[in-house]
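**Q** below is the structure, and that's it, no one-letter string:
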């Protein structure tokens, strides 16, 4: 499922990029893609007597989306999101509600301004939430102008109507989709799509939570790697031996990725390079043992041994690294800088990640190590 995000002429590409990057933090079947903004000339050719001071009427929004789809050859199955700072006017509701978004089928328009109060001055997070909110409602099959399944009285659900703007904060901080709304959406959306949407609104909740603000106000010691590849957390030297340091540095260099046994085996040359940086001229046997690779007589060719044994070896090494961290820094900081592991597809498909989605963690790597990448 592809969701393309663009903007009216006053929106810059950096604004769109921040929204797209945030949405793509949670991987799944939905892929968010940024597009170039509409030019002022294109917009003026689409809408007669175009005047941004008056905002957009529904008819104008439909013309914009239709023209933009044609220009960019977007398939009818693809979603289009247009970000705008202009006012959105609606003929369907005679209320004083300030409209932040509009959707029709697979075309969404979302305002980029007036979010600061509800988003701790992080409007891209609010815009991201509004994007998946419109997507979720589109998947529920709402006809244009009919909002029967909204919650007029807020319950902390993605479908809260929020006639009182203060209720928007409740929705953002709940990260909730009620059973009734899930049931409606599940008729048109797969489970993995719904899970990705839920993970995104969970991320919004976490990013905007009071707890996170308090957490970030605390001083978390940074992790620093010296030119000699010594590892410090704050002022404390972490006494890793070459094998554990090799693995930990490898995970640092790939800190935003999930690393599997197969990806480690396929990047054997990278591990060897790191190990040689740490202990030049020594045997590479620790790497082969770790990944259960059985070398042949020439010492260069190998066969892949039992994968489950390699999984156990990596788990054991990860735990040993965690123990060393706990022995040298307090338990709370050790957890922040430890290597995580989750099971995705069975007992032998374990993926490791370091610092993944952990806030407050700062790392400083030397150029020598960065050049290794």
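**A** Cool, got the structure. No experiment lies behind these values; they were computed from the predicted model shown.
**Q** do a quick rundown of the helices in the stretch 1-150 of the chain.
**A** For the stretch 1-150 of the chain, the helices defined by DSSP state H, counting those that start in this stretch cover 13-23, 40-46, 58-72, 123-139.
**Q** those helices: which one's closest to residue 245?
**A** helix 13-23 (31.1 Å; CB to CB). Glycine gets a C-beta too; all of them are placed from N, C-alpha and C.
**Q** about what we covered before: what's the most buried one of the helices of the stretch 1-150 of the chain?
**A** helix 123-139 (a mean of 24; mean count of other CB atoms under 10 Å).
**Q** that one: what's the following helix or strand?
**A** As assigned by DSSP states H and E, the chain's next helix or strand after helix 123-139 is helix 167-174.
**Q** for that following helix, packing partners?
**A** helix 123-139, helix 191-208 (3 or more CB pairs under 8 Å, 6 or more residues apart in numbering; DSSP states H and E).
**Q** what packs against the longest helix along the chain?
**A** What stands out as the longest helix in the chain, according to DSSP state H, is helix 307-328. Packed against helix 307-328 by the contact rule (3+ CB pairs under 8 Å, 6+ apart) you find helix 242-253, helix 261-266, helix 285-290, helix 331-336, strand 339-343, strand 350-354.
**Q** so how far is that helix off the chain centroid?
**A** How far helix 307-328 lies from its chain's middle: 27 Å, per CA atoms, centre = their mean, to the nearest Å.
**Q** can you give me the buried ones in it?
**A** Buried residues in helix 307-328, counted by 16 or more other CB atoms under 10 Å: 307, 310, 311, 314, 317, 318, 321, 322, 324, 325, 328.
**Q** closest one of those to residue 248?
**A** Using CB to CB, the buried residues of helix 307-328 come closest to residue 248 at residue 321, 5.7 Å.
**Q** any idea how far residue 177 is from residue 208?
**A** 17 Å (CB to CB, to the nearest Å).
**Q** show me what contacts residue 103?
**A** Residue 103 makes contacts with 109, 134, 137, 138, 142, as judged by CB atoms under 8 Å, 6 or more residues apart in numbering.
**Q** JSON lines for the residues you listed, including pLDDT?
**A** Converted to JSON lines, the contacts of residue 103 look like this (pLDDT from 0 to 100):
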{"residue": "109", "pLDDT": "90"}
{"residue": "134", "pLDDT": "91"}
{"residue": "137", "pLDDT": "87"}
{"residue": "138", "pLDDT": "88"}
{"residue": "142", "pLDDT": "62"}
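**Q** which among those residues gets closest to residue 118?
**A** For the contacts of residue 103, the nearest to residue 118 is residue 134 (16.3 Å; CB to CB).
**Q** tabulate the buried residues of helix 307-328 (JSON lines), appending pLDDT and distance to residue 361.
**A** Converted to JSON lines, the buried residues of helix 307-328 look like this (pLDDT from 0 to 100; distance: CB to CB, whole Å):
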{"residue": "307", "pLDDT": "86", "distance to residue 361": "30"}
{"residue": "310", "pLDDT": "89", "distance to residue 361": "28"}
{"residue": "311", "pLDDT": "87", "distance to residue 361": "26"}
{"residue": "314", "pLDDT": "90", "distance to residue 361": "22"}
{"residue": "317", "pLDDT": "91", "distance to residue 361": "21"}
{"residue": "318", "pLDDT": "90", "distance to residue 361": "17"}
{"residue": "321", "pLDDT": "93", "distance to residue 361": "16"}
{"residue": "322", "pLDDT": "92", "distance to residue 361": "15"}
{"residue": "324", "pLDDT": "95", "distance to residue 361": "18"}
{"residue": "325", "pLDDT": "94", "distance to residue 361": "13"}
{"residue": "328", "pLDDT": "96", "distance to residue 361": "17"}
